[in-house]
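Chemist: Just the structure for this:
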Amino acid sequence: MKFIFGPIRSKRLGNSLGIDIVPFGTCTLDCIYCQVHKTRIKTITRNSFFELEQLNEELDLVLKKNDNLDYVTFSGSGEPTLNRDIGKIISMIKNKTNTPIAVITNGSLLHFDEVLEDLKEVDLIMPSLDAPSEDLFKRINRPHIDLDLKKLIRGLDLLGKSFTGNIFLEIMLLKEINDFEFCLSEFSKILSRLKFDKLFLNTVVRPPLETNICKSLTKGELKRITKYFKPLGIPIVVANPSKIQKRTMFAARDSKI
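Modeler: Just a heads-up that it's a prediction; the model follows:
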């Protein structure tokens, strides 16, 4: 399969069928903790990367074989909202199955109205916020030159105000980088201004891009961090690093379902 991988058992999404719709390593960021690969093409320009007919054929084949899916999930080896056909693809999937659709995104393009419009039909959006300051945003996420933290936060705010589905926000916490008390307090202040349904606190487990920089937190440390976010009054899910399967979870372009 060129575009579809899985299904994969996920703590967050259950039995999830993955769809990867951007060329390998095409992203708006180059995060130090990335489990896939160093970003090869860093861009904020949205493109049509392929003809939709092949994906349509793959969907027909795979959905016939998998009738117990919890989600069809856009994720994989780059930022899915860079594909300007994602709205068309979402509609294509909606016409084939009643399975809920999720989009895992770094959130960096949500400040564009066209991106929000493309995602309006999905059931769940899972954006990320890994830094409470511009300096940390540049250090952790290494964004495209035309992106900054204000744009990312504005996009999250617009999403919360316009999207009618569920929003699960994730923070990737890195030991001795963004887990300090002042960082967590700033995170909490930012999140208090945003609308979302659930918070996931994660840490690096699978081999990251920068192995000499990224250190993981224990489950106990993550649990202690929840105190900073409990005043938000939303469900908080803490990762259990010891139980996360340590393997790369991106689309194997030539794998078979």
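Chemist: What residues does Arg89 make contact with?
Modeler: Careful, residue 89 is Ile and not Arg. 19, 21, 52, 55, 83 (Cβ atoms under 8 Å, 6 or more residues apart in numbering). (Glycine included, C-beta is placed from N, CA and C.)
Chemist: Who wins on neighbours among those residues?
Modeler: Within those, Ile19 tops the neighbour count with 28 neighbours, counted by other Cβ atoms under 10 Å.
Chemist: What spatial separation is found between it and Asn202?
Modeler: 21 Å (Cβ to Cβ, to the nearest Å).
Chemist: and Leu156, what pLDDT?
Modeler: At Leu156 the predicted local confidence, pLDDT, stands at 98.
Chemist: for the chain, which spans come out with low pLDDT?
Modeler: Along the chain, segments meeting pLDDT under 70 span 206-211, 242-257.
Chemist: 50 instead, please
Modeler: Under the criterion pLDDT under 50, the flagged ranges of the chain are 245-257.
Chemist: what about the strands in the protein?
Modeler: Secondary structure of the chain (DSSP state E): strands at 4-10, 14-19, 26-27, 41-42, 71-74, 101-104, 124-126, 166-173, 198-203, 236-238.
Chemist: Show me what the fourth one is in contact with.
Modeler: Contacting residues not belonging to strand 41-42 are listed as 23, 25-30, 144 [Cβ under 8 Å, 6+ apart].
Chemist: And that strand, how far out from the chain middle?
Modeler: 17 Å (Cα atoms, centre = their mean, to the nearest Å).
Chemist: picking that back up, with distance to Leu109 added, can I get the contacts of Ile89 in TSV?
Modeler: Below are these laid out as TSV (distance: Cβ to Cβ, whole Å):
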residue	distance to Leu109
Ile19	17
Ile21	14
Leu52	20
Leu55	21
Asn83	11
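Chemist: Show me the two of those residues that sit farthest apart.
Modeler: By the measure Cβ to Cβ, Ile19 and Leu52 form the most distant pair in the contacts of Ile89, at 11.9 Å.
Chemist: one step back: who wins on neighbours among the contacts of strand 41-42?
Modeler: Cys27 leads the contacts of strand 41-42 on contacts (other Cβ under 10 Å) with 28 neighbours.
Chemist: What separation do you get for Asp113 and Ile153?
Modeler: Taking Cβ to Cβ, one finds Asp113 at 16 Å from Ile153.
Chemist: actually Lys120, not the one I typed
Modeler: 20 Å.
Chemist: Same question for Glu53.
Modeler: From Glu53 to Ile153 the distance is 38 Å (Cβ to Cβ).
Chemist: quick one: which of these two has more around it?
Modeler: Taking neighbours as other Cβ under 10 Å, Glu53 and Ile153 compare with Ile153 leading, 20 against 8.
Chemist: Settle this for me: the more buried one is touching Leu129, isn't it.
Modeler: Yes - under the contact definition of Cβ atoms under 8 Å, Ile153 touches Leu129, with a separation of 7.4 Å.
Chemist: which residues do those two both contact?
Modeler: In contact with both Ile153 and Leu129: Ile190, using Cβ under 8 Å, 6+ apart.
Chemist: Just put the contacts of strand 41-42 in TSV and tack on distance to Ser77.
Modeler: Shown next, in TSV, are the contacts of strand 41-42 (distance: Cβ to Cβ, whole Å):
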residue	distance to Ser77
Pro23	8
Gly25	6
Thr26	8
Cys27	8
Thr28	13
Leu29	13
Asp30	13
His144	17
